[in-house]
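> generate coordinates for the sequence data below:
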Amino acid sequence: MSRRFCFTLDLKSDPSLIAEYRKYHAKIWPEITESIKSAGIVDTEIYLLGTRMFMVMEVDESFSFERKTEADRQNPTVVAWEKLMWKFQQPLPEAKPGEKWLPMERIFKLER
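Down below sits the predicted model:
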């Protein structure tokens with residue numbers, strides 16, 4: 001059984017930076033893909049409108065935010081990727097220092 005999480009983050013309001021960010025995400029580094037999959041993330045998508053991004057993440061039962069955070073902290077390639085991505089990203093007004101992607105609260109679900 002998978003679980004779904006949704007997050008949001010803004011990009012800096014600079015068309016050239018946004019274009020460059022898109023290029024990186026058109027072909028992310030293979031080590032990043034591997035770190036995502038090995039953490040128990042079975043699917044993830046990022047959507048963009050203007051500068052606002054929305055990420056949907058499906059995870060399996062093995063996934064843990066704490067384990068993913070620790071694994072990322074110990075992976076030099078992930079650290080380098082996150083540092084590079086911060087060039088394009090900016091925290092939301094609600095973010096605490098050091099926070100990037102913020103979890104969103106589901107307020108509606110269509111019931112079958």
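
> who touches stretch 21-38?
Under the criterion Cβ atoms under 8 Å, 6 or more residues apart in numbering, residues 11, 44, 46, 48, 71-72, 75, 77-78, 81, 84-85, 88 lie in contact with stretch 21-38. Any C-beta I mention is one placed from the backbone N, CA and C, and that applies to glycine too.

> if you rank those residues by neighbours, which is first?
Phe88 (21 neighbours; other Cβ atoms under 10 Å).

> contacting residues for that residue?
With contacts defined as Cβ under 8 Å, 6+ apart, Phe88 is in contact with Leu11, Lys12, Leu17, Ile18, Glu20, Tyr21.

> can you tell me how far it is from Glu45?
18 Å (Cβ to Cβ, to the nearest Å).

> tell me the mean pLDDT over stretch 34-49?
If you average the pLDDT over stretch 34-49, you get 97.

> same check, this time on stretch 82-95
96.

> can you give me the strands for this structure?
3-11, 41-49, 52-59, 89-90, 102-103 (DSSP state E).

> got CSV for those strands, with distance to Ile32 too?
Output for the strands of the chain, formatted as CSV (distance: least, Cβ to Cβ, whole Å):
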stretch, distance to Ile32
strand 3-11, 16
strand 41-49, 11
strand 52-59, 14
strand 89-90, 15
strand 102-103, 20
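
> wait, which of these is closest to Glu66?
Glu66 lies closest, by Cβ to Cβ, to one member of these: strand 52-59, at 12.9 Å.

> cool, thanks, talk later.
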